[in-house]
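In: Here's a sequence, model it:
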Amino acid sequence: MNIPFSLALHGGAGTITRQLMTSGQEQQYLQALREALEIGYAVLRQGGPALDAVELTVRSLEDCPLFNAGKGAVFTHEGHHEMDAAIMDGRNREAGAVTGVRTVQNPIRAARLVMEQTDHVLLAHPGADELARQHGLPTQPVEYFFTQHRYDQLQEALLEGRMRLDHSQAQPEPTPSPLEEPIAFEEDPKRKMGTVGAVARDQHGNLAAATSTGGMTNKRYSRIGDSPIIGAGTFADNRTCAISCTGHGEFFLRAVVAHDISCLMEYRGLSLAEACRIVVHEKLAPIGGEGGLVAVDAAGNIALPFNSEGMYRASLSSSDGVPYIGIYKD
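Out: Predicted coordinates for the structure are as follows:
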C-alpha cells in the first residue's frame with residue numbers, strides 16, 4: 001500500500017504585502033522556504049520519521065537570519081534573546097518544549113532533548129540551557145544571534161515605549177488609557193519574520209509538529225507566547241492532525257488553537273480544512289487574533305490557513321509531488 005507522506009512549514013504571518021517587499025527580498029524568503037522544504041521532505045522520501053523531518057525543517061529555519069527563531073531572533077527589553085520551541089510526536093503524544101533559552105544554537109533540538117531525555121514536557125531558562133550543555137548540544141555566544149536589523153528594531157521599540165509583535169503593528173505596553181491612541185505603523189518587510197514551524201506525516205502514517213520562535217521585540221518579564229505551549233501553538237496526534245501556529249501568541253493561547261482543531265476533528269468529525277477554517281477565521285479572528293498555521297491530517301491532507309495579510313509558507317505531498325511556496329494572500 002502506497003501511503004502518502006506530506007510536509008508543511010511556515011516562517012511567520014502578518015502584514016506581508018507585495019507593496020512592502022522588493023523583488024530581491026521576496027526571492028530570499030522564497031529560497032529559504034524552498035531549502036527548508038527540501039531538507040524536511042528528503043527525510044520523508046527516504047522513509048524517515050515525521051519527527052526527524054519537522055526537526056530538521058525547523059533547524060534550517062532557525063539557522064536562517066531572515067526568520068525570528070535561532071539566529072536572527074528578536075531582542076528583549078534587556079537587550080538579549082529569549083527563544084522558545086516545542087516538538088510533539090503524534091504516535092504517543094509525547095512532547096518536549098523549552099522557553100527563554102539564550103545560548104542553544106537550535107532551540108528545537110533542546111525541545112526534543114526534553115522530550116526524549118527527561119520526564120518533563122516544558123523546561124525554562126536557565127535549566128533548559130544547562131540541560132542542553134550537559135547533553136552536548138551546540139551553543140553559541142550572544143554575538144551569534146545578533147543581526148543589525150533586529151537590533152535596530154529594538155532601538156525603535158525602546159524609543160516608542162512599545163512591545164512589538166514581529167509580524168504585525170506595534171503593540172502598546174503598558175495598555176494606554178481609552179483616551180490615548182496607540183501608535184500604529186507598517187514595519188519594514190525585514191521585520192515580518194515571526195515564529196517558524198513544520199508539520200509532517202511520514203510513510204508509516206505517523207504525524208509530528210515542531211515550532212520555534214524568538215518571541216516579541218522588546219518583550220519583558222520573561223513573557224512566553226503560544227509556541228512552546230502544547231495544545232496552543234503546537235500539537236500532534238496520529239488520530240487527527242499535527243499543527244504548528246504563528247501569530248499573536250496571547251490570542252492563540254486563549255483560544256487553545258492547535259488542540260481545538262484536533263478536537264473539532266475528533267469529536268465533530270470535521271475535515272482538517274473545515275476545522276482549521278472555523279478556528280482561524282470564526283474563533284480566532286473575532287477576538288483579535290492575527291496569524292495562521294500549518295496543518296496535516298492522518299491521511300496526509302495539508303491546510304495552510306491564515307487571517308493576516310500574508311504568511312511565509314510551503315508544502316509538499318507525495319500525493320501530487322508538486323511543491324507549493326507562498327508569501328502573500330492569494
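In: burial of the closest residue to Phe251 other than its chain neighbours, as a residue count?
Out: Nearest non-adjacent residue to Phe251, counting by CB to CB, 6 or more residues apart in numbering: Gly289, 3.0 Å away. The way it works is simple: take the backbone N, C-alpha and C, and place the C-beta from them, glycine included. Gly289: 24 surrounding residues under other CB atoms under 10 Å.
In: can you check Gly47 too?
Out: When neighbours are counted by other CB under 10 Å, Gly47 comes out with 10.
In: Look up which helix or strand the residue nearest to Phe251 falls in, please.
Out: Assessed by DSSP states H and E, Gly289 sits outside every helix and strand.
In: Relative to Ser262, how far out is it?
Out: Distance of Gly289 to Ser262, given as CB to CB, to the nearest Å: 18 Å.
In: Kindly report the same for Gly70.
Out: Taking CB to CB, one finds Gly70 at 27 Å from Ser262.
In: higher neighbour count, those two?
Out: Gly70 (30 against 25).
In: Need the phi and psi values for Val74.
Out: Main-chain dihedrals, Val74, degrees, to the nearest 10: phi -70, psi 160.
In: hang on, it packs against Ala157?
Out: No - counting by CB atoms under 8 Å, Val74 stays clear of Ala157, with 9.2 Å between them.
In: Just want to know which of the two has more residues nearby.
Out: Using other CB under 10 Å as the criterion, Val74 and Ala157 rank with Val74 on top: 30 against 22.
In: So that one versus Leu207, what's the distance?
Out: 30 Å.
In: now swap in Glu143 and tell me
Out: 37 Å.
In: Name the nearest residue to Ser315, ignoring sequence neighbours.
Out: Ala8 (4.0 Å).
In: Where does the one you found sit: helix, strand or coil?
Out: Look at Ala8: counting by DSSP: H, G, I helix; E, B strand; the rest coil, its state is strand.
In: Could I get the contacting residues of it?
Out: Listed by CB atoms under 8 Å, 6 or more residues apart in numbering, the contact partners of Ala8 are Ala198, Val199, Ala200, Val294, Ala295, Val296, Ile302, Ala303, Leu304, Arg313, Ala314, Ser315.
In: Can you tell me which of the residues you listed end up in strands?
Out: Of the contacts of Ala8, the ones assigned to strands by DSSP state E are Ala198, Val199, Ala200, Val294, Ala295, Val296, Ile302, Ala303, Arg313, Ala314, Ser315.
In: The first one contacts Thr57, doesn't it?
Out: It stands for Ala198. Yes - applying CB under 8 Å, one finds Ala198 in contact with Thr57, separated by 3.9 Å.
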